[in-house]
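S.K.: Give me a 3D structure for the following:
(chains A and B)
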Amino acid sequence: MEEEDQQKVSDLIKELVLRLLSQNPTSDSHPIDPNSTDFRNSLRYAFRILSSRMTPSVAPDAAAIGESIKRRLATQGKSSEALTLADLCTKFASKTGPGSVNNKWAVLYFLKIIAEDRKSARTQLDSSVLLPNLAFKDADSGHDLRVSRSLGSKEKGWRNGVLLVSKDPENRREIAFREFVNLVKEENEVCEEVLVRDVLYACQGIDGKYVKFDKNADGYVIPDLVKVPRATRIIVRKLCELGWLFRKVKGYISECMDRFPAEDVGTVGQAFCAALQDELSEYYKLLAVLEAQSMNPIPLVSEKVSSENYLSLRRLSVWFAEPMVKMRLMAVLVDKCRVLRGGAMAGAIHLHAQHGDPLVHEFMKRLLRRVCSPLFEMVRSWVLEGELEDIFSEFFVVGQPVKAESLWRDGYMLHAGMLPSFISQSLAQRILRTGKSINFLRVCCEDHGWADAATEAAAAAGTTTRRGSLGYGETEALESLVDGAAKRIDKHLLDVMYKRYKFKEHCLAIKRYLLLGQGDFVQYLMDIVGPELSEPANTISTFKLAGLLETAIRSSNAQYDDPDILDRLRVKMMPHGAGDRGWDVFSLEYDARVPLDTVFTESVMARYLKIFNFLWKLRRVEHALIGAWKTLKPNCITSHSFTKLHHAVKLQLLSSLRRCQVLWDDMNHFVTNLQYYIMFEVLEVSWSNFSSEMEVAKDLDDLLAAHEKYLHSIVEKSLLGERSQTLCKSLFVLFDLILRFRSHADRLYEGIYELQARTMESSLPSRDKRKSQKQLSDKVSEPGSWIGDGRKALTQRAGELFRNMGQDLDAIAKEYSSLLEGFLSQLPVQQHVDLKFLLFRLDFTEFYSRSSPSL
Amino acid sequence: MDPNAARTARESLDLAFRMSNVLDTGLDRHTLSVLIALCDLGLNPEALAAVVKELRRELQTSFSPPSSTAQSSLS
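M.R.: Presented below is the predicted three-dimensional model:
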């Protein structure tokens, strides 16, 4: 088969040579002898030419070559011929099947070269007078083909020069040009056309024939073995930077694509890759156009000139200027984003978009629109649907599974690392809160009305709820969408909280019951649980107390309250140690169910409990003082029943009673004022602030903050805060002392009543015997007399009692005044301004400041 | 030979010849058919074109001045 082909080829060549030689118009008189030396020489020459170059220098693309021929004709002004040719080309190309020409491109290319040769042969005279570089190019274009005959053709060119440029007597210029051309030809092993093609290949990351990727140089270079001038080498190297950058970007994309199913590249990463891919396909388009152009001549005005191919290395460098900028940018981004993902990646790219160059800016904007689209999609679905579509954890809102009560506080938070810099912190907060509100409504409030609010918000913002309606750069649109959604959803949430879950009512209930705002209820409760609570803590039954609480509710105005609220009120026994009394462990509790437990969390309830304990103690002290007053009240019985007592004893009695009264008064003054301060200046003021803040609260966070402020102000002002611990301690010591006083006062009165009872006993007979007593006045001193004996013992006992009591009272009074003084002296040191008012109230008459100079 | 194939071949040649005329290559029909056959056999069209060109030049040089530079350079 091979040999057959060979034979066929040689036959055909022989035929060809014969035909060509016989074509000569002058030679048709004598036919050429196939055996003549002339013919043999020609034949040998033809074989040599054919064996010299086995591979063509162009890509086998029939359409491109056809296009190139057509353009050449068109630029020469033969447009009708160009059209005819185009028609013929298409017809020629459409011939397929058996019998048609297989190597269509070869035929076309062959025709093209022949036509060009004839053309140039005809116009050679003109081309040689043109600029030297064109002359050089002209000579160069035939370089490949005419290697063996270059000498001859050059001589001819030179001859032409002599003919034409006769004004230059020495022909120096022409000679210099020729020499230069020769020099260049010697230096250049590779013609520019080939280099251009190689550069185009290299820019697609493919090694060309001469331009290859060199690992050491880390770039595409012409190997040192190939002889090219330095300038060409440098320009090739410069142009091939594009190829290097391209390799980098391409490598990143394929790496990401490979990694994608196994590792989490993330949606933003994928979008980035896709955007890069798109940019690259633009780049491919450009390269394809350039490649097609590389075969076409430069369109010139003058049609006589046969021009060089359109693309030279210099032209390429102009063409590559713009793609180079883009590719560099992409390479930089690729470097930056290699380790980043999600929002962080978008943020990093955004930083590069801050560029003054409109080209870069435009490019980055286009890229960012693509890159950010998944991110904005997440924002949209989060803000409007409360859905966290973030399987690769790229979004700047992170959710974590929590219990319903802490959903609002801990369920979702901002991930600062993933927050791209084009979304401001406050906007991010709003985005977070809006989505959180939706989730809160859905999970905790079991509400469905938010969907309407979200749709309304989307409609108002001008974007529908469909996907992909937001993009990078439309920060205002995003902001208005978020704002609209936030406003509506927050409003809806607050409506639900206020109307459906009666937040305000519950706050009021807590104030009334836990903060002892409902006076009659507290009084009742204190009355009925008081005896029970005096027992040791471990003997008290919670159930019994719960029953008592129920009784207290029913017998006070609280019974008209909402049963739902009353249901939530419970008795709670705090953990108790040995020796604790009921008073120490008793407390009330308010059961805030979902969703209110978002506001009334455990820690908040613990603070309420603390306040409750303090207030309960204060109430108890007040209650105790009132109880003491009931017994202490001066009445006829006490003042008259002792008339018959011994004078000294009576005096003692009166003085201790008086002392008791004074002390009680002192204590009562203190407790009443403290009570007043707590109730009116602390609780009511805080409550009224809270109420007004509740009115203006726009979202749940505001509400939480308002409540927090309310609670904080109560704690601080009631001396329960961290800073006033010592003050609080001394206050509790004072309370204990007052309670001790109460028991002393009770004991004193018990003693007095006992005395009174005995005196009454003894005075009944004594009244009858008054006369007889007088009569028997000499008998008075009679020893063994029952009455005399009794009276004496009575007096003695009373004296003893009063003495003891007087001592106790003295001790208490002393302790009390020193404690009170300590307390009062600490008051002005406190930070809180309201405590100054407390001091002012307590020391209204300046009694304390006068008695103690330290105040 | 299949008459269909023959017709296609003839038409192809016809088209090529017309193109050749449009391009003013100065080749006659028979020469062109030989060249197309050579192309189809996979010869480099550049080389073929060179052959055509050189032989033509040879003819011209051998007729106008009787110099034999080409031949001397060849041998």
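S.K.: Now do the same for whichever residue of the stretch 601-750 of chain A sits closest to chain B: its pLDDT.
M.R.: Closest approach between the stretch 601-750 of chain A and chain B, counting by C-beta to the nearest C-beta: A:Asp699, at 79.5 Å. Glycine gets a C-beta too; all of them are placed from N, C-alpha and C. Per-residue pLDDT puts A:Asp699 at 85.
S.K.: Quick check: the gap between the closest residue to it other than its chain neighbours and A:Val496.
M.R.: In space, and not counting its chain neighbours, A:Asp699 is closest to A:Asp490: 3.7 Å by C-beta to C-beta, 6 or more residues apart in numbering or on different chains. Applying C-beta to C-beta, to the nearest Å, the value for A:Asp490 to A:Val496 is 11 Å.
S.K.: Spatially central residue in chain A, please.
M.R.: Centroid-nearest residue in chain A, with C-alpha atoms, centre = their mean: A:Phe396, separated by 3.2 Å.
S.K.: Pretty sure it sits against A:Tyr412.
M.R.: No. Look at A:Phe396 against A:Tyr412 with C-beta atoms under 8 Å: they stay out of range, at 10.6 Å.
S.K.: for the residue nearest to the centre of chain A, what are its contacts?
M.R.: The contact partners of A:Phe396, taken as C-beta atoms under 8 Å, 6 or more residues apart in numbering or on different chains, are A:343, A:414-416, A:418-420, A:423, A:428.
S.K.: Could you do A:Asn102 as well?
M.R.: By C-beta under 8 Å, 6+ apart, the neighbours of A:Asn102 are B:Asp40.
S.K.: And A:Thr267, by the same measure?
M.R.: Listed by C-beta under 8 Å, 6+ apart, the contact partners of A:Thr267 are A:374, A:392, A:394.
S.K.: Could I get the full set of strands for chain A?
M.R.: Ranges of strands within chain A are A:212-214, A:219-221, A:397-399, A:412-414, A:569-573, A:586-590, based on DSSP state E.
S.K.: List the neighbouring strands of the fourth one plus their orientation.
M.R.: To tie it back to what came earlier, the one meant is strand A:412-414. Using DSSP bridges, strand A:412-414 pairs in its sheet with strand A:397-399 (antiparallel).
S.K.: Buried ones among the contacts of A:Phe396?
M.R.: Neighbour counting with 16 or more other C-beta atoms under 10 Å in any protein chain shown marks A:343, A:414-415, A:418-420, A:423, A:428 as buried within the contacts of A:Phe396.
S.K.: In helices, which of those residues appear?
M.R.: A:343, A:428 (DSSP state H).
S.K.: which one of the buried ones among the contacts of A:Phe396 sits closest to chain B?
M.R.: Checking the buried ones among the contacts of A:Phe396 against chain B by C-beta to the nearest C-beta gives A:Pro420 as the nearest, at 57.5 Å.
S.K.: give me the residue from chain B nearest chain A.
M.R.: B:Ala5 (3.0 Å).
S.K.: okay but that residue is in contact with A:Gly97, surely?
M.R.: Yes. Counting by C-beta under 8 Å, A:Gly97 is a contact partner of B:Ala5 at 7.2 Å.
S.K.: Those two: which has the busier surroundings?
M.R.: Shown here are B:Ala5 and A:Gly97; by other C-beta atoms under 10 Å in any protein chain shown, B:Ala5 has more neighbours (13 against 9).
S.K.: So what touches the helix or strand hosting the more buried one?
M.R.: Applying DSSP states H and E as the criterion places B:Ala5 in helix B:3-23. Contacts to helix B:3-23, defined as C-beta under 8 Å, 6+ apart, come from residues A:69, A:73, A:81, A:84-85, A:88-89, A:91-92, A:95, A:97-101, A:107-108, A:111-112, A:114-115, B:27, B:29, B:32-33, B:36.
S.K.: Mark which of those residues are buried, thanks.
M.R.: Buried residues within the contacts of helix B:3-23, counting neighbours by 16+ other C-beta under 10 Å: A:69, A:73, A:81, A:84-85, A:88-89, A:92, A:95, A:99-101, A:107-108, A:111-112, A:114-115, B:27, B:32-33, B:36.
S.K.: How about A:Leu88, nearest residue that isn't a chain neighbour?
M.R.: Nearest residue to A:Leu88, sequence neighbours excluded (C-beta to C-beta, 6+ apart): B:Met19, at 4.9 Å.
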